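Student: quick one: sequence and predicted model below, then my questions.
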Amino acid sequence: MSLLLKLIKDRRSVREFTDQEISKDLIEEILEVGRWAPSGLNNQPWKFLVVTKKEVLNEISNYTKYQEIIKAAKLLIVVFLDKEASYHYLKDVQAVGACLQNMLLFIHELGLGACWLGEILNQSKDLSKYLGISDHLELMAILAIGYPVIRERISTRKELKDLIIGWK
């Protein structure tokens, strides 16, 4: 099995973190791998807000039912779609997804853990207002990141045969 395939298969959502801090250098490396995701016309339609201050983490946690994950994290990367840089909405949303996946895989490779939080999108307007974010930036996701509490994490997938609709 290739190293990349092993990394992809071993990655899991992590919702419990230790108290260990994450260095600024590691944070910048995570953002760098996100920056190198593919995007249509190379428009790179993503913007990042980095949150490490505990009081801001705690306030953001009020905008989701997954408060404990955010409160436990040492770092949030709040990811936005820059609608002013967008040339095709759906394609740009897909590009942001690729950006998120790049970061998630790299976070796992670093020995950190992360959880991709999407439910918070239900409160995106209010959260953006709290954060002072311009209307041209649309909340896409939040990555809650930290050093994982060590425990077994199991995941299953549908059989490949159940996902293929045909061969032509």
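Tutor: Everything's here; your move. None of these values were measured; they are calculated from a predicted model.
Student: pull the helix or strand with minimum mean pLDDT from the protein.
Tutor: Every helix and strand of the chain was ranked by mean pLDDT, DSSP states H and E. The lowest is helix 3-10, at a mean of 95.
Student: so the longest helix anywhere in the chain versus helix 3-10, what angle?
Tutor: Secondary structure assigned by DSSP state H gives helix 89-109 as the longest helix of the chain. On the basis of axes from the mean of the first three to the mean of the last three CA atoms, to 10 degrees, helix 89-109 is oriented at 90 degrees to helix 3-10.
Student: quick one: the helices in the protein?
Tutor: 3-10, 24-35, 54-61, 67-72, 89-109, 124-131.
Student: of those helices, which is nearest Thr18?
Tutor: helix 67-72 (9.0 Å; CB to CB). Bear in mind the C-beta positions are built from the backbone N, C-alpha and C, glycine included.
Student: pLDDT of the closest one, averaged?
Tutor: Helix 67-72 carries an average pLDDT of 98.
Student: angle of the strand ranked longest in the chain against helix 124-131?
Tutor: Counting by DSSP state E, the longest strand found in the chain is strand 137-146. Taking the same axes, to 10 degrees, one finds that strand 137-146 is oriented at 80 degrees with respect to helix 124-131.
Student: strand 137-146 pairs with which strands, and in what direction?
Tutor: strand 75-82 (antiparallel), strand 113-117 (antiparallel) (DSSP bridges).
Student: what comes into contact with the shortest one?
Tutor: With contacts defined as CB atoms under 8 Å, 6 or more residues apart in numbering, strand 113-117 is touched by 12-15, 17, 64, 66, 69-70, 73, 100, 103-104, 107-108, 141-148.
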